[in-house]
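J.: below: sequence and its predicted model.
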Amino acid sequence: MKVTVVGAGAVGASCAEYIAIKNFASEVVVLDIKEGFAEGKAMDLMQTASLNGFDTKIVGVTDDYSKTAGSDIAVITSGIPRKPGMTREELIGINAGIVKTVSSNLIKHSPNVILIVVSNPMDTMTYLVHKSTGLPKNRIIGMGGALDSARFKYRLAEALEAPISDVDGMVIGGHSDTGMVPLTRHATRNSVKVSEFLSEERLSQVAEDTKVGGATLTKLLGTSAWYAPGAAVSSLVQAIACDQKKMFPCSVLLDGEYGLKDICIGVPVILGKNGIEKIVDIDLDDAEKAKMQESAVGVRATNGLLEV
Ligand SMILES: NC(=O)c1ccc[n+]([C@@H]2O[C@H](COP(=O)([O-])OP(=O)(O)OC[C@H]3O[C@@H](n4cnc5c(N)ncnc54)[C@H](O)[C@@H]3O)[C@@H](O)[C@H]2O)c1
C-alpha cells in the first residue's frame, strides 16, 4: 500500500504522521513544491518511527511526481489555508489552479489512484477534479464531513458532559460555515437520542458551534487547524487501504441521490478498496432536506466561479 500526500504543510504533515502511526501503509510519499520542505518533514517524521513504533517508510520529494508512481491512494492538501476572518470560498482563485495541476500529475504517474481532496473550498475542488480528470466517480473523494462530524461529536460530548466515545453523530452537506448540516435529530449517546438529554436550545448551540468549528480554530491559531483534519484524512485512507467498508460523510459526485445532480457535497458513503463503494441514502425529515438543498445552492454558487 503506497500513499502519496501532496502538500507537506500543516495538514499534509499531520496526515502523513497519523497514517504512519496507524501502521497500515508500507510507504507514504510526501510531495511539496517548496524546495527541501517535504524532505525535511519526512526526515523529522521518520525520526519518530522508533519512538512511536511504526514501520511505514516516509519519503519527502520536491515536486518530483516520478517518486509518487504506483500510488494506491493520493491525498491533495496543497494550496493556501484561510486566515482569520476569511471564508473557505475566498481561497478558490489560487487553489483551483493548484488542485487541477496536482491531480493531473498524480494520475499521469498512478493511473489507478484513488484521490482524496482536502484543499478548500473542498466541495468545489472535488467537483473540479471530476470535471478536469474524468476519473470514475468512486475514485474521487472530498474530505470534510469526517472532520466536521468529529467536531460535532466533540461539541456534543461537551454539552452532555460525557466521554466522546459515548457519542455518535454525523454532519452532512457542504463543508462551509453556513452549509454544514449537523444531524442533531439522529445523534445519540449509547443509542439514546441526545434530545433526551439536551434542550432544543442547547442542541442548536451545539450545531452552530460545530458549523463554525474551523473558523473558531483559525481565529485562535492564526491559520487553519491541522491535527483533526490530518486524523480525519488518515481514517479515510485507512478505510480504503484496509477495505474496512466504514461509513463516513464525504463529498462525492451525486447523480440524483438526495435530489441532487452534478454537484459534490457531503453525504454518507461506504469506503472500501474501490474508494466509494456505495452512497447511503438516509431518511431526512423536511427540515433536514431543506437545509441540504440550501447547502447545495451555496456549493453551486462557488462551483460557478470555476473556469473548468
Ligand atoms: N477539507 C478540510 O476539512 C480541510 C481542513 C483543514 C484545511 N484544509 C485545507 O487544506 C489546505 C492546506 O492547509 P494547510 O494548513 O496544510 O496549509 P499549509 O500552507 O500549511 O500547507 C500547504 C502546502 O501546500 C504546498 N503547495 C502549494 N502549492 C503546491 C503545489 N502546486 N504542489 C505541491 N505543494 C504545493 C505549500 O508549499 C505548503 O507547504 C488549505 O486549502 C486548507 O484550507 C481543508
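T.: Nice, thanks for sending it over.

J.: when you work out contacts or count neighbours from here on, use the C-alpha atoms and nothing else.
T.: OK.

J.: show me which residues of the chain sit near the ligand.
T.: Contact residues (Cα under 6 Å from any ligand atom) of the chain with the ligand: 6-12, 32-34, 77-82, 98, 118-120, 122, 143-144, 147, 224-226, 229.

J.: so which residues of the protein form helices?
T.: If DSSP state H is used as the criterion, the helices of the chain fall at 10-22, 37-46, 49-52, 92-109, 122-133, 145-160, 200-211, 213-221, 227-241, 286-303.

J.: can you put these in TSV and add distance to Pro268?
T.: Compiled in TSV, the helices of the chain are given as follows (distance: least, Cα to Cα, whole Å):
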stretch	distance to Pro268
helix 10-22	22
helix 37-46	32
helix 49-52	32
helix 92-109	24
helix 122-133	14
helix 145-160	9
helix 200-211	18
helix 213-221	20
helix 227-241	12
helix 286-303	13
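
J.: show the buried residues in the residues of the chain next to the ligand.
T.: With neighbours counted by 16 or more other Cα atoms under 10 Å, the residues of the chain next to the ligand contain buried members at 6-12, 32, 77-82, 98, 118-120, 122, 143-144, 147, 224-226, 229.

J.: who touches the residue nearest to Pro268 when sequence neighbours are not counted in this structure?
T.: Ranked by Cα to Cα, 6 or more residues apart in numbering and with sequence neighbours excluded, the top spatial neighbour of Pro268 is Pro249, at 3.9 Å. For Pro249, the residues meeting the contact criterion (Cα atoms under 8 Å, 6 or more residues apart in numbering) are Gly144, Gly145, Ala146, Met170, Val171, Ile172, Gly266, Val267, Pro268, Val269.

J.: pick the one among those residues closest to Asp72.
T.: Comparing the contacts of Pro249 against Asp72 with Cα to Cα places Val269 closest, at 19.3 Å.

J.: list the contacts of the closest one.
T.: Taking Cα under 8 Å, 6+ apart as the contact definition, Val269 lies against Met247, Phe248, Pro249, Cys250, Ile276, Glu277, Lys278, Ile279, Val280.

J.: same thing with Thr4?
T.: By Cα under 8 Å, 6+ apart, Thr4 lies in contact with Val28, Val29, Val30, Leu31, Thr68, Ser71, Ile73, Ala74, Val75.

J.: report the central residue of the chain.
T.: Nearest residue to the geometric centre of the chain (Cα atoms, centre = their mean): Met143, 1.8 Å.

J.: contacts only, for it.
T.: Contacts of Met143 by Cα under 8 Å, 6+ apart are Ile116, Val117, Val118, Met122, Ala232, Val233, Cys250, Ser251.

J.: using TSV, please lay out those together with pLDDT and distance to Asp63.
T.: What follows is the contacts of Met143, written out as TSV (pLDDT from 0 to 100; distance: Cα to Cα, whole Å):
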residue	pLDDT	distance to Asp63
Ile116	99	18
Val117	98	18
Val118	98	18
Met122	98	22
Ala232	98	25
Val233	98	22
Cys250	98	28
Ser251	98	27
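
J.: ok, these vs the ligand, which is closest?
T.: Within the contacts of Met143, distances to the ligand taken as Cα to the nearest ligand atom reach their minimum at Val118, with 4.0 Å.

J.: right, and the closest one touches Gly144 too?
T.: Yes - Val118 is within contact range of Gly144, at 7.3 Å (criterion: Cα atoms under 8 Å).

J.: so what touches stretch 148-160?
T.: Stretch 148-160 is touched from outside by 163-164, 166-171, 175, 182, 197-198, 202, 206-207, 209-211, 213, 228, 232, with contacts defined as Cα under 8 Å, 6+ apart.

J.: try 6 Å this time
T.: Contacts of stretch 148-160 from elsewhere in the structure, counted by Cα atoms under 6 Å, 6 or more residues apart in numbering, are Pro163, Ile164, Met170, Val171, Val206, Thr210.
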